[in-house]
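In: sharing a sequence plus its predicted fold:
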Amino acid sequence: MAFTLAPLLYAHDALEPVIDATTMQIHHGKHHQAYVDNANKALAGTALENASPEEVIKAIASLPAEKQGPVRNNAGGHVNHTMFWSIMAKPGQGGGGAPSGDLAAAITKAFGSFDGFKEKFAAAGVGRFGSGWAWLCVMPDKSLAICSTPNQDNPLMGRALAGCDGTPILGLDVWEHAYYLKYQNKRADYIGAWWGVVNWGAVASNFAMATK
Ligand code: MN
């Protein structure tokens, strides 16, 4: 069963002024679509052809050597972007604000405060050389940890491949294609503004699933 590109749950301009509509159109309609198409091409005929996207990226090492690179990049890109769209919402209508409940408590426990968390997470995104992602993950002991991965790697791929592990509940795309039209080289400004569209309700749902 081939992967498909799900429609966004909001309009392309819903995240304005934080993320502009043109960036959303190209990022979702062109970049994410290409990851889906290329993942399907790479997976066709392999033992993971019918696996879920998450199952695929956890099992890259089981694939033939020549498939591993294309699947890592493109199934990784598919999983990463699917999460990215899902944890954002229109500012003031689900986007922005602060976490609450169990998630807020876990963030305070791990990082001292919500502001302390935002500072460390932003540093992970700003500090990623070239293209990649910043992540907030639930670790096996249910604590929270921040990490960053290069390219389209995902913590679900495991520490040996991605350089970090855990179950991601929040991911931030710091590829230039995610912000360059509006922010040019100012990645820190993009990250600073991005908090205004983070859907903490969706992140809390991810947290509840990952700690169940
Ligand atoms: Mn992207």
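Out: On my side now, so go ahead.

In: could you report the pLDDT at the residue in the chain positioned nearest to the ion?
Out: Nearest to the ion, among the residues of the chain, is residue 173, at 4.2 Å (C-beta to the ion). In this view, the C-beta of every residue, glycine as well, is placed from N, C-alpha and C. Listed pLDDT for residue 173 reads 98.

In: what's the burial count for the residue nearest to it when sequence neighbours are not counted?
Out: With sequence-adjacent residues excluded and distances taken as C-beta to C-beta, 6 or more residues apart in numbering, residue 173 is closest to residue 84, at 5.3 Å. For residue 84, the count of nearby residues is 18 (other C-beta atoms under 10 Å).

In: next, the contact list for residue 84, please.
Out: Residues near residue 84 by C-beta atoms under 8 Å, 6 or more residues apart in numbering: 171, 172, 173.

In: over to residue 14?
Out: 89, 90.

In: Three-state assignment for it, please.
Out: What DSSP: H, G, I helix; E, B strand; the rest coil gives for residue 14 is coil.

In: ok, residue 166 - contacts?
Out: Residues counted as contacts of residue 166 (C-beta under 8 Å, 6+ apart) are 135, 137, 138, 139, 140, 145, 147, 155.

In: burial measure for residue 47, as a count.
Out: Residue 47, neighbours per other C-beta under 10 Å, totals 11.

In: quick one: it and residue 62 touch, right?
Out: Yes. With contact defined as C-beta atoms under 8 Å, residue 47 counts as touching residue 62 (7.0 Å).

In: ok, the residue lying closest to residue 162 once chain neighbours are set aside - contacts?
Out: Distances taken as C-beta to C-beta, 6+ apart place residue 153 nearest to residue 162, at 4.0 Å, with adjacent residues excluded. Residue 153 makes contact with 72, 76, 132, 133, 161, 162, 163, according to C-beta under 8 Å, 6+ apart.

In: residue 54 now?
Out: The contact partners of residue 54, taken as C-beta under 8 Å, 6+ apart, are 79, 156.

In: quick check on it: phi, psi?
Out: Dihedral pair for residue 54: phi -70, psi -40, per degrees, to the nearest 10.

In: can you name the residues of this protein sitting close to the ion?
Out: Contact residues, the chain versus the ion (C-beta under 5 Å from the ion): 173, 175, 178.

In: name the element residue 170 belongs to?
Out: For residue 170, the enclosing helix or strand under DSSP states H and E is strand 167-173.
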